[in-house]
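>>> Please work out how this folds:
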Amino acid sequence: SASEDKDKINDQQEGINRHKQEQKQKHKKLDSGELFRNWLGQLQSPPNLLTSLRILSTPYLCYLVATNDYSTALVGCCLAGVSDVLDGYLARNFNMVTVLGTYLDPLADKIMINSLALSLGYVDILPLPLVALWLGRDVTLIVGTFLHVQKSTSSHNFTMDPVTTPLRVEPTTIGKVNTGLQFLTLGMSLLQPLYGIGSPESFQALCWLTGGTTVASALGYAGYNAFGESGNSIITSTTTTTTSTTATTATAVAAATATRRLKPKVNSKTEGRNNI
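Residues are numbered from 1 along each chain as shown. Model prediction:
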C-alpha cells in the first residue's frame, strides 16, 4: 500500500542518514597539530633518530668536500654508513620498525648521495652527467612516491601521515644494489684525491656501472613494486572507502526495511471497530 511504501522510504532515508553520520565521525580529518604529534611519536624511535642525524650531517659533509677537506669528509661518510647499518639492525631486531622509517631511511640516502654528488661534481671529481642522472632519477622517484601514496590514501587523511597511510616503502633488490654502488662511487671519489686509489679507467668503469644500475632501478620502480601494506587498519583507499560506504549503506537500509516488515500489521476494519 501507499502507507507501507512511504514507511519503507522513510526507513531507508533514516538508515542512509545514520550511516553518513557514522562515517563522518569515523573519518574525521586530522588537524595539523595531530599530524605533527603522529610524526613526532614515530620520529622518536632510535632508528629514526639516527636517520635524522644522517640527514642533518649532510650539509656539513658537503661543505668539507667543497673546501677540499676530503679526509674529514671521508671519516664523516664512514660514520654515516655505520649509522645507516645500525638503524636498520635496530629496527629489524628490536621491533622498532615504523611506517615513517620506511620512508625516512631511503629519503636520507637520497639526500646524502645527491648532495655529496653535487659537491663532488662542483670540485670536478665526479662526472656531471652521472650527477644529473642520479638527481633526476631520485627527484622523479620522490614525486612519484608522493603521488602514488596520495592516490591510495583516503581523502579524509593527510597523504604522509604515518599513522594512517596505507602504504610503506619496500626497496627493490636492484634499488639496494644501486644504492650500494652509489656509496662505493662516492667513497672512491674521496679516496682518489687522498691516496690515488684506483686508476682513472677503473673509476670510469665504476661510474658507468652505477649509471646502468641507476637506470635499471628507475625502470624497476616504474611498476610501483617498492610498496607494501603499512598495516594501518583505520584507513582505506578512496575506491575501497566508497565501495565500503555503499555496501554498509545497503546493509543499513536492508536492516531498517526488515525491521519494518517484522512489525505486526493491523487490520483496518478491526481498528475501526475498536475506535467506535
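
>>> show me the contacts for Gln98.
Check again: residue 98 is Thr, not Gln. 42, 45, 47-48, 91, 162 (C-beta atoms under 8 Å, 6 or more residues apart in numbering). (C-beta placed from N, C-alpha, C; glycine too.)

>>> hmm, 10 Å instead?
Applying C-beta atoms under 10 Å, 6 or more residues apart in numbering, we find Thr98 in contact with 41-45, 47-48, 91, 104, 162-163, 168, 230.

>>> possible to save those as JSON lines with secondary structure and pLDDT?
What follows is those, written out as JSON lines (DSSP: H, G, I helix; E, B strand; the rest coil; pLDDT from 0 to 100):
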{"residue": "Gly41", "secondary structure": "helix", "pLDDT": "91"}
{"residue": "Gln42", "secondary structure": "helix", "pLDDT": "93"}
{"residue": "Leu43", "secondary structure": "helix", "pLDDT": "93"}
{"residue": "Gln44", "secondary structure": "coil", "pLDDT": "93"}
{"residue": "Ser45", "secondary structure": "coil", "pLDDT": "94"}
{"residue": "Pro47", "secondary structure": "helix", "pLDDT": "95"}
{"residue": "Asn48", "secondary structure": "helix", "pLDDT": "96"}
{"residue": "Ala91", "secondary structure": "helix", "pLDDT": "93"}
{"residue": "Leu104", "secondary structure": "helix", "pLDDT": "95"}
{"residue": "Pro162", "secondary structure": "coil", "pLDDT": "87"}
{"residue": "Val163", "secondary structure": "coil", "pLDDT": "85"}
{"residue": "Arg168", "secondary structure": "strand", "pLDDT": "89"}
{"residue": "Ser230", "secondary structure": "coil", "pLDDT": "80"}
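
>>> Filter these down to the buried ones and hand me the PyMOL line.
The following PyMOL line selects those of the contacts of Thr98 that are buried, judged by 16 or more other C-beta atoms under 10 Å:
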select buried, resi 42+43+45+47+48+91+104+162+163+168+230
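
>>> now the contacts of Thr98 in CSV, with distance to Gly211?
Below are those laid out as CSV (distance: C-beta to C-beta, whole Å):
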residue, distance to Gly211
Gly41, 40
Gln42, 35
Leu43, 34
Gln44, 38
Ser45, 35
Pro47, 31
Asn48, 31
Ala91, 30
Leu104, 26
Pro162, 33
Val163, 38
Arg168, 29
Ser230, 33
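
>>> Could you single out the nearest of the contacts of Thr98 to Pro193?
Pro193 has its nearest neighbour among these in Leu104, at 31.8 Å by C-beta to C-beta.

>>> contacting residues around the closest one?
Leu104 touches 39, 42-43, 47-48, 51-52, 54-55, 87, 98, 162, 169, counting by C-beta under 10 Å, 6+ apart.

>>> all helices of the stretch 51-200 of the chain, in order?
Using DSSP state H, counting those that start in this stretch, the helices assigned to the stretch 51-200 of the chain run over residues 70-93, 99-122, 128-152, 173-195, 200-221.

>>> Now do the second one against helix 173-195: the angle between them, please.
When axes from the mean of the first three to the mean of the last three C-alpha atoms, to 10 degrees is applied, the directions of helix 99-122 and helix 173-195 differ by 40 degrees.

>>> Buried ones in helix 99-122, by neighbour count?
99-121.

>>> repeat for the fourth one
Burial within helix 173-195, assessed by neighbour count using 16+ other C-beta under 10 Å, is assigned to 174-175, 178-179, 181-183, 185-190, 192.

>>> Likewise for the first one?
Buried residues in helix 70-93, defined by neighbour count with 16+ other C-beta under 10 Å: 70, 73-74, 76-77, 80, 83-84, 87-88, 90-91.

>>> my guess is Ser119 contacts Tyr60, does it?
No - using C-beta atoms under 10 Å, Ser119 is not in contact with Tyr60; the gap is 11.0 Å.

>>> Which residues are in contact with each of those two?
In contact with both Ser119 and Tyr60: Ala73, using C-beta under 10 Å, 6+ apart.

>>> Of the buried residues of helix 70-93, which is the nearest to Arg137?
Nearest to Arg137 among the buried residues of helix 70-93, counting by C-beta to C-beta, is Asp84 at 19.3 Å.
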